[in-house]
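Student: no sequence for this one, just the structure:
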């Protein structure tokens, strides 16, 4: 039995060569899109486009970076938290009410016969018939005691530079900035706020100069509470909020190192930025000034060497200029006075010797 091998028809042509890379696949894209700077909204979707790569060739895709987001504006202050004066009474009203309540309790005790007769006789008061503690006496005790508690419990002393933010059942009821003895409703919740001009010296905070070199900056902030309602109720802790605003401003404003720029300009930028961010919470910032600027520990040694090298280069340039001037002056005087006659070779040799001598002399004498 003879087996015939099937032959390929000539009409089919030569067979295709096998793929060298089995997972090779090519994604076709329009050529003109590879050289566009901005995506066409009619051709590409509005999202970061990734140009496909040829698998198996090691090519990396090109990713379009999204545009930088613009910072959101600060929220508008809540108009319901604007500071307004609270209603209080003079302290004499509370004293009189408390005294009347105490007198009522004493009169009720005399009426009920609870006071010792010897004390009444010593005071010249008549000894009443003991009526005992009945419903009328208990009602009189309750009324007089409540009047005494309300009168004496509402007394408060206002001091200069201090204020009270009053609230009732979670609602803002006003601010008290008065001084002296006054009477405030004892049911109101009082929160004391310092409204004096204050200053805060920070710890060393991270910052950077215009070149991106890491720094450590200590700033002095002069500020005060302008609106007590927004400072107490608009934010959880207005002092911590101020510290975070200063730290955020240092991350955005480049700080000039001493001797290389104007520290006053840095302070103006920090003051303007922190004041704008602290205003919505009722804080008034007058000044944010750097009081100590130093390089971060990781770059301090390198920057110190760089500064020493710069000083050495400036000193070397000044010394070289002085030596050249001295050599020129010496050659001019010798030639003008006719003390020597030198050709080009002798002049060059003399210049070399004088330069070496002057440089050696300045090196021994020091800068």
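Tutor: Nice, I can see it. Because the structure is predicted, anything quoted here is derived from the model rather than measured.

Student: residue ranges of the helices in the stretch 151-300 of the chain, please?
Tutor: Ranges of helices in the stretch 151-300 of the chain, per DSSP state H, counting those that start in this stretch, are 228-233, 238-252, 263-278, 297-336.

Student: out of those, which one sits most buried?
Tutor: Each of those was scored by mean neighbour count; the highest is helix 228-233, a mean of 23, by mean count of other CB atoms under 10 Å. To be clear about C-beta, it is placed using only N, CA and C from the backbone, and glycine gets the same treatment.

Student: residues making contact with it?
Tutor: 77-78, 81-84, 163, 165, 167, 172, 175, 191, 193, 195, 225, 238, 280-283 (CB atoms under 8 Å, 6 or more residues apart in numbering).

Student: before we move on, what about stretch 187-197?
Tutor: Contact with stretch 187-197 is made by 156, 161-168, 173, 177, 184, 222-225, 228, 231-232, 286, as judged by CB under 8 Å, 6+ apart.

Student: end to end, how far does it reach?
Tutor: Start-to-end span of stretch 187-197 (CA to CA, to the nearest Å) is 30 Å.

Student: in that stretch, which residues are buried?
Tutor: The neighbour-count check on stretch 187-197 (16 or more other CB atoms under 10 Å) flags 188, 193, 195 as buried.

Student: below-threshold pLDDT in the stretch 151-300 of the chain: ranges please.
Tutor: The stretch 151-300 of the chain contains residues with pLDDT under 70 at 258-262, 300.

Student: can we see that at 90?
Tutor: Low-confidence segments of the stretch 151-300 of the chain, defined by pLDDT under 90: 169-170, 204, 206-217, 234, 251, 253-267, 291-300.

Student: follow-up on the earlier one: of all the helices of the stretch 151-300 of the chain, which one comes closest to residue 203?
Tutor: Between residue 203 and the helices of the stretch 151-300 of the chain, the tightest spacing by CB to CB is seen for helix 238-252, at 9.5 Å.

Student: bridged to residue 157, which residues?
Tutor: residue 181 (DSSP bridges).

Student: to what extent is it buried, counted in neighbours?
Tutor: 10 (other CB atoms under 10 Å).

Student: so what's it up against?
Tutor: Residue 157 makes contact with 180-182, according to CB under 8 Å, 6+ apart.

Student: out of the contacts of helix 228-233, which end up buried?
Tutor: Those of the contacts of helix 228-233 that meet the buried threshold are 77, 81, 83, 163, 165, 167, 172, 175, 193, 195, 225, 238, 280-283, by 16+ other CB under 10 Å.

Student: and which of those is nearest residue 319?
Tutor: residue 283 (54.9 Å).

Student: quick one: the closest one and residue 234 touch, right?
Tutor: No - at 9.9 Å, residue 283 does not count as touching residue 234 under the criterion of CB atoms under 8 Å.

Student: please enumerate the strands of this structure.
Tutor: 89-90, 155-158, 162-168, 171-176, 180-183, 189-194, 198-201, 205-208, 214-225, 283-295 (DSSP state E).

Student: list the helices and strands the fifth one packs on?
Tutor: For strand 180-183, the packing partners by 3 or more CB pairs under 8 Å, 6 or more residues apart in numbering; DSSP states H and E come out as strand 89-90, helix 91-111, strand 155-158.

Student: tell me which of the ones you listed lies nearest to residue 204.
Tutor: strand 155-158 (38.7 Å).

Student: list the buried residues of the closest one.
Tutor: Going by 16+ other CB under 10 Å, strand 155-158 has these buried residues: 155-156, 158.

Student: ok, back up a step: turn the helices of the stretch 151-300 of the chain into TSV, including distance to residue 108.
Tutor: As requested, the helices of the stretch 151-300 of the chain are exported to TSV (distance: least, CB to CB, whole Å):
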stretch	distance to residue 108
helix 228-233	42
helix 238-252	49
helix 263-278	56
helix 297-336	75
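
Student: nearest to residue 150, out of these?
Tutor: Of the helices of the stretch 151-300 of the chain, nearest to residue 150 by CB to CB is helix 228-233, at 25.5 Å.

Student: returning to what we had before: any idea which of the strands of the chain gets closest to residue 265?
Tutor: Nearest of those (CB to CB): strand 283-295, 10.8 Å.
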